[in-house]
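Visitor: Have a look at this prediction, sequence included:
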There are 2 protein chains.
Amino acid sequence: MKQPGGQEVTDRALVAPLVAVAPPRPGTPRTRNVTIKDIAREAEVSIASVSRVLNNVGRVSDATRARILSIAERLRYVPHEGARSLISNRTATIGMVLPDLHGEFFSELLRGADSAARALQMHLLVSTSHGDPDEAAAAIRSMRGRVDGLLLMSPHIDSNFVARHLSGELPVVLLNAPPGAAPHLVSIDDYVGAVTMVRHLAAAGRTRIAHIAGPVGNSDAAERLRGYRDALAHGADPALVFQGDFSVEAGRAAALAFTAVSPRPDAIFAANDMMAAGCMEALSELGVVIPDEIAIGGFDDVPLAHFLSPPLTTMRIDVARFGRTAIDRLVAAIAGQADMPPVEKIVPTLVIRQSCGHASNHSRTTSLQGAEHHEHA
Amino acid sequence: MKQPGGQEVTDRALVAPLVAVAPPRPGTPRTRNVTIKDIAREAEVSIASVSRVLNNVGRVSDATRARILSIAERLRYVPHEGARSLISNRTATIGMVLPDLHGEFFSELLRGADSAARALQMHLLVSTSHGDPDEAAAAIRSMRGRVDGLLLMSPHIDSNFVARHLSGELPVVLLNAPPGAAPHLVSIDDYVGAVTMVRHLAAAGRTRIAHIAGPVGNSDAAERLRGYRDALAHGADPALVFQGDFSVEAGRAAALAFTAVSPRPDAIFAANDMMAAGCMEALSELGVVIPDEIAIGGFDDVPLAHFLSPPLTTMRIDVARFGRTAIDRLVAAIAGQADMPPVEKIVPTLVIRQSCGHASNHSRTTSLQGAEHHEHA
DNA sequence: CTGTTAGCGCCTTCAG
DNA sequence: CTGAAGGCGCTAACAG
């Protein structure tokens, strides 16, 4: 399936990257849609009256109003949003640029965003950057003029990036970006989540708590690491921090590394569940009993966590709420609302399962905020 | 965060549901954007020349072309897509209406669609119908005029729905819809997948193969059930089909039901992995040994499948390819290409793990098409 | 090679 | 209460 103009697109993108102009696409134009003109003719009124009725502005007699509405319905009239946005300068669309779409996290994020957008009668234009700043910039550029605001999540976003590519023209909400990167931020409270988990492990009597860190440069990973360090009463032992990358394999590698240090850690806090899963799998193969010898804590509460053996204690993130909150805030920003704190945080919740070997099933000191969540296997 | 005009939206939606008119949203209009007029004035040429340069059509002297490009860049010109679509009758946008966004499946589908769309310089407008035909209709309506074509997946789509809400104006590709519902269909080959799995179980020596079916009315579930029935040499025993709903709980319930029938089944083919997971969990609690006493087969190959104990043998769907194929086909349809078979099928692949207890690790009779996939635990 | 002109569909004064 | 007319930003003839 060859695309018309495909080659040309690429060329122009290389030649004039700052001017985001889509190529002319030959293609067959669709059958003409019904316009207010058609309705006006049918109803024997002027297009002005039709416009007034359809927008519920100005005074129109009930008789003509009813006639116009019924004709619009019969003709299945749909306003041309392009023409409308030409005059109103708004598109009723929100752009979402994500680093990727792989995995449960993004689908939940989209789900929350979609529900909020739908409630506001807004549309969602979705795109991915694959973690590449240039791609993110390209996506942002290609969305300018077709969205009223932008929801942006990208690992490489800082105030410099914002200044270069988002020169204040468009309201933007940044997701999980470093503080100060933009006037509107919504973030997962990774720091509090990590502290909560470490305190939970400590409360279970663990004293040598190790950490499998996420990838360098990832701000979530950095915050979780910071929380881990701060929560440790006696400071962190460098030998107990393994540099991972959020992958199952990294978790396996960490298991090997930690079982080699002496004295062994008696607990491992993995920066995400996938690493926790890999770690547990490898530990089991090594004959290490969980949680008796080593307790495991994860982060994210992916569906998998419940099914590991033993089921994984982890921090749950209400990702859908994350998405909803971001959209609500963005729409408020678009509306010009100014009285908002610069950053909104979504606090994770501790989900206690069996991988941490708590004797009691409740400990009131582990959670900083939010309720704990207990689950029956 | 109160939304301006929010209440009004609801009212109008109730009053005139068939006329999809977005409400006037007061809000602060953004700072006026730079137009080709601005560029024309600055470059001391006519707007026509600017348009020609920006669209790479017609002849323009290299000197003025360079001048115009540089000015456009300096002014950070972005074309107004609304105005453009007003005249060209195209939006460079594809609408995607999905039943939901929950779970790995949809995120992969979006990922594939996004990658194909991005390659074609098209945007993706995403919306959900929550499985409700009315919501799907509303989403379709609200997208008319802002998309060039529609990707539509909804459990309740048949030719009747298509006739009512998609009266041929807009190119549409239906995902996993019943045959004949529309001129363009892309589907998972659930039937072949189910047959493959059942034959695999039979090849492992199982003779009483049960099935946990998906929800009634779901076409994937129906096709998997049909494949199950057709693949059984001696016909299906009604006592060995449990009516599930794709949930973990349904799988648990099925386990209870099947352990009660006599003689017990020696294999269970679940219509999806989540039911297989629930089933295995419940069976383990009942002391049933998998796969020795009962073999389990799933469908979908969710990430979880690998981590169940024992790891689940299942049918893998290349969901991203599904999404890509759908986009490619839709774009071809938009371009007016006609020489296509009405339906394209994505064939699932058998992923052999430990839940089916194959003695040999390879059996060449189980797969109808496509390669088998073996995995080391 | 370049400029002028007429709309695309819609909203919004301004007159009746 | 209603209609006529101008223009939003852009493209596509058609003249020069």
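Guide: Received the coordinates, thanks. None of the values given here were measured: they were computed from a predicted structure.
Visitor: How about the residues of chain A by DNA strand D?
Guide: Within reach of DNA strand D by Cβ under 7 Å from any atom of the strand, chain A has these residues: A:21, A:24, A:44-49, A:52, A:58-61, A:63-65, A:83, A:86-87. To be clear about C-beta, it is placed using only N, CA and C from the backbone, and glycine gets the same treatment.
Visitor: Now with 6 Å, please.
Guide: Contacts of chain A with DNA strand D, taken as Cβ under 6 Å from any atom of the strand, map to A:24, A:45-46, A:48-49, A:58-61, A:64, A:86-87.
Visitor: which ones are touching A:V60?
Guide: A:49, A:52-53, A:68 (Cβ atoms under 8 Å, 6 or more residues apart in numbering or on different chains).
Visitor: Please report how far it lies from B:S219.
Guide: Per Cβ to Cβ, to the nearest Å, A:V60 is found 46 Å from B:S219.
Visitor: re earlier: of the contacts of A:V60, closest to DNA strand C?
Guide: A:R52 (6.0 Å; Cβ to the nearest atom of the strand).
Visitor: Hmm, A:G58 and that closest one touching each other?
Guide: Yes - with contact defined as Cβ atoms under 8 Å, A:R52 reaches A:G58; the gap is 4.3 Å.
Visitor: which one of the two has more residues nearby?
Guide: A:R52 (18 against 10; other Cβ atoms under 10 Å in any protein chain shown).
Visitor: Please state the backbone phi and psi of the more buried one?
Guide: Reported as degrees, to the nearest 10, the phi and psi values for A:R52 are phi -60, psi -50.
Visitor: and the residues of chain A next to DNA strand D, which are buried?
Guide: Buried by 16 or more other Cβ atoms under 10 Å in any protein chain shown: A:45, A:49, A:60, A:64, A:86, out of these.
Visitor: what's around the residue of the stretch 101-250 of chain A found nearest DNA strand C, how many residues?
Guide: Closest approach between the stretch 101-250 of chain A and DNA strand C, counting by Cβ to the nearest atom of the strand: A:Q121, at 13.9 Å. For A:Q121, the count of nearby residues is 19 (other Cβ under 10 Å).
Visitor: Quick check, it in contact with A:A92.
Guide: Yes - assessed by Cβ under 8 Å, A:Q121 is found in contact with A:A92 at 6.6 Å.
Visitor: picking up where we left off before, next step: the residues of chain A next to DNA strand D restricted to strands.
Guide: Members of the residues of chain A next to DNA strand D lying in strands (criterion: DSSP state E): none.
Visitor: Among the residues you listed, which one sits closest to A:G287?
Guide: A:P24 (66.3 Å; Cβ to Cβ).
Visitor: quick one, strands of the stretch 1-150 of chain A?
Guide: Using DSSP state E, counting those that start in this stretch, the strands of the stretch 1-150 of chain A run over A:93-98, A:123-128, A:149-152.
Visitor: actually the stretch 151-300 of chain A, not the one I typed
Guide: Under DSSP E, counting those that start in this stretch, the stretch 151-300 of chain A gives strands at A:172-175, A:185-188, A:209-213, A:241-243, A:267-270, A:295-297.
Visitor: Quick one: classify whichever residue of the stretch 201-350 of chain A sits closest to chain B as helix, strand or coil.
Guide: Residue of the stretch 201-350 of chain A nearest chain B, by Cβ to the nearest Cβ: A:G336 (4.0 Å). In three-state terms, and counting by DSSP: H, G, I helix; E, B strand; the rest coil, A:G336 is coil.
Visitor: Let me know how buried it is, in neighbour terms.
Guide: Neighbour count for A:G336, taken as other Cβ under 10 Å: 12.
Visitor: which of the buried ones among the residues of chain A next to DNA strand D sit farthest apart?
Guide: It's A:T64 and A:L86 that sit farthest apart of those, by Cβ to Cβ, at 26.2 Å.
Visitor: okay, the residue of the stretch 101-250 of chain A closest to DNA strand C: pLDDT?
Guide: The per-residue pLDDT reported for A:Q121 equals 87.
Visitor: Distance check, it against A:L151.
Guide: Counting by Cβ to Cβ - A:Q121 and A:L151 are separated by 17 Å.
Visitor: circling back: in helices, which of the residues of chain A next to DNA strand D fall?
Guide: A:48-49, A:64, A:86-87 (DSSP state H).
Visitor: Now render these as CSV, adding pLDDT.
Guide: CSV is the format used below for those (pLDDT from 0 to 100):
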residue, pLDDT
A:A48, 89
A:S49, 90
A:T64, 88
A:L86, 85
A:I87, 85
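Visitor: quick one, what contacts the residue nearest the centre of chain A?
Guide: Geometric centre of chain A, nearest residue: A:L109, 4.7 Å, by Cα atoms, centre = their mean. Residues in contact with A:L109 (Cβ under 8 Å, 6+ apart) are A:98, A:175, A:319-320, A:322-323.
Visitor: again, only this time at 7 Å
Guide: A:319, A:322-323 (Cβ atoms under 7 Å, 6 or more residues apart in numbering or on different chains).
Visitor: and those near chain B, which?
Guide: Residues of these in contact with chain B (Cβ under 7 Å from any Cβ of the partner chain): none.
Visitor: and chain A, which residues reach DNA strand C?
Guide: Checking chain A against DNA strand C by Cβ under 6 Å from any atom of the strand, the hits are A:32, A:35-36, A:47-48, A:51-52, A:54-55, A:57, A:79-80, A:83-84, A:86-87.
Visitor: Quick one: buried ones out of the residues you listed?
Guide: A:35-36, A:51-52, A:54, A:79-80, A:83-84, A:86.
Visitor: per-residue confidence for the single nearest residue of chain A relative to DNA strand D?
Guide: Using Cβ to the nearest atom of the strand, the single residue of chain A nearest to DNA strand D is A:R59, 2.6 Å away. The model reports A:R59 with a pLDDT of 83.
Visitor: Can you report how many residues lie near A:H102?
Guide: As a burial measure, A:H102 scores 17 neighbours (other Cβ under 10 Å).
Visitor: close enough to count as contact, it and B:R111?
Guide: Yes - with contacts counted by Cβ atoms under 7 Å, A:H102 reaches B:R111, the gap being 6.0 Å.
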